[in-house]
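*Asks:* After the sequence you'll find the predicted model.
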Amino acid sequence: MSKRTLCLSAIILLTFFGLFGTTDSYGYFAFMPDLADDIIDVHILPEQPTVVDDITIFASGLTANSPVLSQYSEFSVLDRSLQLDIFIETGPWTSIDTWWHSEEIGRLSVGRYDLAVYAFEWMKPAGSHIIEFEVVPEPASIFLLAIGIIGIQANKCNKSRRL
């Protein structure tokens, strides 16, 4: 076999595996599964929401393929448990890429909530992250409640002095 034929065969094989190889078999991340396909951050804004605030969820993560072509989401509420499923479609190249997503969920009533965010790449589970947060009453409402309680107590004291 000539040197030229050997070089040409090597180029064809490398091109074939480069085009048709997957991250599971031939990619960089076959040996580093914890680096790829993961949610790296989930937070809400405002950080301490009240009942009058519109709440937005922000999530970001890594994927083993690039580029991120599209993403869509599904949000659901079951009592005090919130769930955001993010579906990511990526390109064919094996390299780390980042994605981010924001979802406005609106207002919630007072209470403690669990938020589970799940990411799916091409319909395969690609990471999850769970946070807990609390929605508090509006500060003005608390102030008015405190003033009302003080007023009722003062009124009771005045009635007891008259007797």
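*Replies:* Arrived safely.
*Asks:* Can you report how many residues neighbour residue 47?
*Replies:* By other Cβ atoms under 10 Å, 7 other residues sit near residue 47. Backbone N, C-alpha and C define where each C-beta goes, glycine included.
*Asks:* Can you give me every residue that contacts the residue nearest to residue 122 when sequence neighbours are not counted?
*Replies:* Spatially, and ignoring its direct neighbours in sequence, residue 122 is nearest to residue 89 (6.4 Å; Cβ to Cβ, 6 or more residues apart in numbering). Going by Cβ atoms under 8 Å, 6 or more residues apart in numbering, residue 89 touches 68-71, 121-122.
*Asks:* How about the helix or strand hosting residue 89, which residues are buried there?
*Replies:* Using DSSP states H and E, residue 89 sits in strand 81-106. Going by neighbour count (16 or more other Cβ atoms under 10 Å), the buried part of strand 81-106 is 82, 84, 86-88, 90, 94, 97, 99, 101, 103.
*Asks:* Ok, stretch 52-68 next?
*Replies:* 53, 55, 57, 59-66, 68.
*Asks:* now the buried residues of strand 81-106 in a markdown table, with pLDDT and distance to residue 138?
*Replies:* Formatted as a markdown table, these follow (pLDDT from 0 to 100; distance: Cβ to Cβ, whole Å):
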| residue | pLDDT | distance to residue 138 |
| --- | --- | --- |
| 82 | 97 | 21 |
| 84 | 96 | 25 |
| 86 | 94 | 31 |
| 87 | 93 | 35 |
| 88 | 90 | 36 |
| 90 | 86 | 42 |
| 94 | 80 | 50 |
| 97 | 85 | 41 |
| 99 | 89 | 34 |
| 101 | 94 | 28 |
| 103 | 96 | 23 |
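*Asks:* Now flag whichever of those is closest to residue 133.
*Replies:* Residue 133 lies nearest to residue 82 out of those, by Cβ to Cβ, at 9.4 Å.
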